[in-house]
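Visitor: Just a sequence and a predicted model for now, questions to come.
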Amino acid sequence: MIDINGSLVLSYTNCRREAWLMAHRIIPEQDNTSMSLGRLIHEASYENRGEKDVSIDNIKLDMVEEKKGKTIVSEIKKSKYSLEGARDQLLFYLLRLKEMGVQAEGQLLVPKEKKKITITLTEEEEERIKKLCEEIQKLVEGPIPEIERAQNKCKNCAYYTYCWV
């Protein structure tokens with residue numbers, strides 16, 4: 001049984017093969033331009049807001065801050081292109097925090113585009129994320145998934161050479 005984390009949830013939503021590779025500890029290209037840019041944006045953005053890189057159990061939160069008596073968990077992304085996966089990642093974090101007794105609200109932040117999207121964990125989303133985690137577990141226990149052909153997102157993926165070269 002694998003310990004599911006937010007990065008795995010993000011990857012699963014974006015690409016099943018990427019999630020499988022990640023879960024099996026196959027390391028992506030570390031000098032990938034897209035990954036490097038993402039790290040830089042994360043480090044340079046919102047320097048004076050909240051606490052960054054907060055680790056709790058098996059989750060690593062980009063930023064946590066207290067506003068008007070509320071705990072706000074933020075996920076910082078470099079662009080709007082992976083927001084569906086980022087949303088699932090943040091919902092996963094909110095669910096894990098809720099299971100630990102912490103009520104929090106979520107925000108997806110895209111600094112380059114000055115976007116802020118509020119994310120709330122509803123009962124429906126909670127059930128969906130639990131089901132998603134079950135799907136991830138089944139995926140990881142199975143064989144490597146086929147390449148998802150003709151995906152534009154592949155060209156910037158850190159696993160590109162693993163899948164396409």
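Guide: Everything's here; your move.
Visitor: Just list the residues touching K115, thanks.
Guide: 80, 108-109 (C-beta atoms under 8 Å, 6 or more residues apart in numbering). For every residue, glycine as well, the C-beta is placed using N, CA and C.
Visitor: out of those, which are buried?
Guide: The neighbour-count test (16 or more other C-beta atoms under 10 Å) marks 108-109 as buried among these.
Visitor: so which of the contacts of K115 would you say is closest to T161?
Guide: Taking C-beta to C-beta as the measure, K80 is the one of those closest to T161, at 25.5 Å.
Visitor: E75 is in contact with Q107, isn't it?
Guide: Yes - assessed by C-beta atoms under 8 Å, E75 is found in contact with Q107 at 7.4 Å.
Visitor: Look at those two and report which has more neighbours.
Guide: E75 (23 against 18; other C-beta atoms under 10 Å).
Visitor: give the contact list for the more buried one.
Guide: 61-62, 86, 89-90, 93, 106-109 are the contacts of E75 under C-beta under 8 Å, 6+ apart.
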